[in-house]
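Engineer: fold the following.
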Amino acid sequence: MPFLPDGWTCTLDMNNVAVKLELAQATDGVTFGETTLSTIHGPRYRMLVIGAGQLSRYLCSIAVGLDYHVTVCDPREEYADEWDVPGMKIVRTMPDDNGHETR
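Structural biologist: Purely as a prediction, here's the structure:
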């Protein structure tokens, strides 16, 4: 499996307009100092929700609003067919099968 970093930190030095690109950590955030601006660019946090019920609809709506990449896993056709929440993917596999695929 290829190495996938948590993202990239782009640091701009405003004194000499130099840009530095480094691997970011999951805990890094945007910082703005006296002479530097650092921003994080990379993959979004991911959330796997088991079950496409009513509570999952609310949880997923909140997660999408917080910029999570949301996948809902529910093999039951009656729930998956009625899932109409925009901005997320629904899969019809068993949860343990999908967990191995999303690593």
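Engineer: which helix or which strand is home to the closest residue to Met94 other than its chain neighbours?
Structural biologist: In space, Met94 comes closest to Pro75 once its chain neighbours are excluded; the distance is 5.7 Å by CB to CB, 6 or more residues apart in numbering. All C-beta atoms are positioned from the backbone trio N, CA, C, and that covers glycine. With the criterion set as DSSP states H and E, no secondary-structure element contains Pro75; it sits in neither a helix nor a strand.
Engineer: mind checking pLDDT for Pro75?
Structural biologist: Per-residue confidence at Pro75 stands at 90 (pLDDT).
Engineer: state the distance from it to Leu55.
Structural biologist: Distance, Pro75 to Leu55, by CB to CB, to the nearest Å: 18 Å.
Engineer: just want to know which of the two has more residues nearby.
Structural biologist: Just comparing Pro75 and Leu55: by other CB atoms under 10 Å the higher neighbour count belongs to Pro75, 15 against 10.
Engineer: where do the domain boundaries of this protein fall?
Structural biologist: When the chain is parsed into structural domains using automatic domain parsing, the resulting residue ranges are 8-41, 46-101.
Engineer: and among those, the most buried is which?
Structural biologist: Comparing those on average neighbours per residue, with mean count of other CB atoms under 10 Å, the densest one is domain 46-101 at a mean of 14.
Engineer: off-centre distance for that one?
Structural biologist: 13 Å (CA atoms, centre = their mean, to the nearest Å).
Engineer: how about Asn16, secondary structure?
Structural biologist: The three-state assignment at Asn16 reads coil, by DSSP: H, G, I helix; E, B strand; the rest coil.
Engineer: can you give me the strands in this structure?
Structural biologist: Per DSSP state E, the chain carries strands over the ranges 8-13, 18-23, 31-32, 36-41, 46-50, 69-73, 89-91.
Engineer: so which of those strands comes closest to Asp81?
Structural biologist: Among the strands of the chain, strand 89-91 comes nearest to Asp81, with 9.5 Å by CB to CB.
Engineer: quick revisit: how about the residue nearest to Met94, what does it touch?
Structural biologist: Applying CB atoms under 8 Å, 6 or more residues apart in numbering, we find Pro75 in contact with 92-94.
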